[in-house]
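S.K.: fold the following.
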Amino acid sequence: MKALSSALQAHLDERTTTLAWCWRITRSDGVTFGFTDHDRTLTFDGTEFEPESGLTASEVRSGSDLSVDAQDAHGVLSSDRITETDILDGRWDNAAVEVWRVNWTEPAERVLLRAGAIGEIRRGRVAFTAEMRSLAHLLGQTVGRTFQASCDAALGDARCGVNLATPSNRATGTVLVPLRDRTFTTAGLGGFAAGWFTFGIIEWTSGANAGRRVEVSGHEVTGGAAIITLLEAPVRAVAAADAFTILAGCDKSAATCRTKFANILNFRGFPHIPGQDTVLRYATKSGGNTGGVL
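M.R.: Numbering: from 1, shown residues only. I've put the predicted structure just below:
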């Protein structure tokens, strides 16, 4: 149950109310936006809530169990504050959201109805729809260690310990020829063996995608030319001469940790854990119940 101020409760007890919805959205880059369905700007807590912003909201869906409550926010891509470029760049992903009910004649009379984060964003030709998830969505996240054969650490983090700043694990390059929407030949990677950057990270330092990071799904060497394939096509097309920084990749296996990075002492997986296929095996004199593939 929400605790209301005496002034807001008195206003709600009147026959006629002057209420408006306000949304405060704080992106991961720290930029805060305010929107309201009222026809003039409302201000409180240092945030101006802009009217006629191209943002409207659906009904709030909630339940008494621990399922994720949700609400959809709809907007037009021509809005000055919610642009298609920012959506494509992922700046609105997982942004924190506060939903307020406000007396627009006295903004001090207000109540925070819910808080959450922006979930899935669906884009159309002229509009977008952003899902606002309640804080219950945090209960669906994995917490703690994962017991699996492969490593559950991120390459280069404190648990892994590999130094990605060394010349053997980091390189700079440029795009020579775009082959497909996510595949291109490169210059500057000639000193690395094929597969060295597979599962690594590219950060674009120039061009239309400057500042964005994307995973690498493949690194091939053909005729002396390094060919990089990205996991997903960039938001904007890759062009010749686009510069990037690329980090080595890891397939999370114990063999790669040992031979590629000489880091087996920090391996965070359980390579000898029995697999599910062990249940299907039967006892034999020669053994063989190692959990490997049947």
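S.K.: any low-confidence regions in this structure?
M.R.: 1, 52-82, 122-130, 134-138, 140-141, 277-279, 281-294 (pLDDT under 70).
S.K.: mind running it again at 50?
M.R.: 66, 68, 75-78 (pLDDT under 50).
S.K.: setting aside sequence neighbours, what's the nearest residue to the residue most central in space within it?
M.R.: Centroid-nearest residue in the chain: residue 93, 6.1 Å away (criterion: Cα atoms, centre = their mean). The shortest distance from residue 93 to any non-neighbouring residue, by Cβ to Cβ, 6 or more residues apart in numbering, is to residue 118 (6.8 Å). (C-beta placed from N, C-alpha, C; glycine too.)
S.K.: wasn't the one you found part of a strand?
M.R.: Yes - according to DSSP: H, G, I helix; E, B strand; the rest coil, residue 118 belongs to a strand.
S.K.: can you report how many residues neighbour it?
M.R.: 18 (other Cβ atoms under 10 Å).
S.K.: I'd like the numbering to begin with 44 instead of 1 from here.
M.R.: All set: I'll call the first residue 44, so the last point we hit is now residue 161.
S.K.: that one against residue 134, yeah?
M.R.: No - the criterion here is Cβ atoms under 8 Å, and residue 161 misses it with residue 134 at 10.4 Å.
S.K.: what do those two both touch?
M.R.: With contacts taken as Cβ atoms under 8 Å, 6 or more residues apart in numbering, not a single residue reaches both residue 161 and residue 134.
S.K.: secondary structure element holding residue 52?
M.R.: Secondary structure assignment for residue 52, by DSSP states H and E: helix 49-55.
S.K.: what's the following helix or strand past that helix in contact with?
M.R.: Later in the chain than helix 49-55, the nearest helix or strand by DSSP H and E is strand 62-69. Strand 62-69 is contacted from outside by 75-81, 85, 88, 90, 92, 98, 100, 116, 135, 138-147, 153, 161, using Cβ under 8 Å, 6+ apart.
S.K.: filter those residues down to the buried ones.
M.R.: Buried members of the contacts of strand 62-69, counted by 16 or more other Cβ atoms under 10 Å: 76-81, 85, 90, 92, 98, 100, 116, 135, 138, 140-147, 153, 161.
S.K.: next step: those restricted to helices.
M.R.: Counting by DSSP state H, these place none of their members in helices.
S.K.: show me these that map onto strands.
M.R.: Judged by DSSP state E, those include 76-79, 85, 90, 92, 98, 100, 116, 140-146, 153, 161 as members of strands.
S.K.: surely residue 249 and residue 286 touch.
M.R.: Yes - between residue 249 and residue 286 a contact is recorded at 4.2 Å, counting by Cβ under 8 Å.
S.K.: only the buried residues of the helix holding residue 52, if you could.
M.R.: 51, 54.
S.K.: what's the answer for stretch 258-266, then?
M.R.: Here stretch 258-266 shows 259, 260, 261, 262 as buried, counting by 16+ other Cβ under 10 Å.
S.K.: so can I have TSV of those residues showing distance to residue 129 and secondary structure?
M.R.: Formatted as TSV, the buried residues of stretch 258-266 follow (distance: Cβ to Cβ, whole Å; DSSP: H, G, I helix; E, B strand; the rest coil):
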residue	distance to residue 129	secondary structure
259	25	strand
260	26	strand
261	30	strand
262	31	strand
